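**Student:** Coordinates for the following, if possible.
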Amino acid sequence: MAAGKSSFKVMTLSDAAADRIREIVGDADKPLFGLRVGVKNGGCAGMSYTMEFADAPQKHDEVVEDKGARVLIDPKAILFLLGTRMDFRRDKLSSGFVFENPNQTSACGCGESVAITPAAPEALAAH
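**Tutor:** As a prediction, the model looks like this:
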């Protein structure tokens, strides 16, 4: 089964996140398909979000296109990210992507690590 777009979006993007993703992809030294988002075990709260450049979709990636930007979701992360809104925020001291995730149950003080309870598999069928 090849990567593809589904009829529902695992994740949505704010205008700021879509703008930043389009900027990153447009400014890349080589052609990029989009950004790949996932989760990994680690950190003081148990998990952390991951992001990397994607030259092409990998087998079973979930491709989300929103506001002209393309994000690929690692298949192992789908149930952890279901319903998430990705934003990009900039303040005086920092800037970065922020995940507004309804499955997130807590976060560490540094903001780099989170606890996430995966959505029930039935949630995929409901969409």
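**Student:** Quick test: name the residue nearest the centre of this protein.
**Tutor:** For the chain, the residue nearest the mean C-alpha position is Val37 (4.0 Å; C-alpha atoms, centre = their mean).
**Student:** is that residue in a bridge, and if so with what?
**Tutor:** Beta bridges link Val37 to Met51, Ile73, judged by DSSP bridges.
**Student:** May I ask you to name the longest helix in the chain?
**Tutor:** helix 15-27 (DSSP state H).
**Student:** what's that one packed up against?
**Tutor:** The contact analysis (3 or more C-beta pairs under 8 Å, 6 or more residues apart in numbering; DSSP states H and E) places helix 15-27 against strand 34-41, strand 69-73, strand 84-90. From N, CA and C alone the C-beta is placed, and that goes for glycine too.
**Student:** Just name the most buried of those.
**Tutor:** strand 69-73 (a mean of 23; mean count of other C-beta atoms under 10 Å).
**Student:** quick check: angle from that one to strand 34-41?
**Tutor:** 30 degrees (axes from the mean of the first three to the mean of the last three C-alpha atoms, to 10 degrees).
**Student:** and for strand 69-73, what are the contacting residues?
**Tutor:** 3, 10-11, 13, 17-19, 21-22, 25, 33-38, 54, 57-58, 61-64, 81, 86 (C-beta atoms under 8 Å, 6 or more residues apart in numbering).
**Student:** how close does the residue lying farthest from the centre of the chain sit to Thr105?
**Tutor:** For the chain, the C-alpha farthest from the mean C-alpha position belongs to Lys92; by C-alpha atoms, centre = their mean, that distance is 24.2 Å. Relative to Thr105, Lys92 is positioned 30 Å away (C-beta to C-beta, to the nearest Å).
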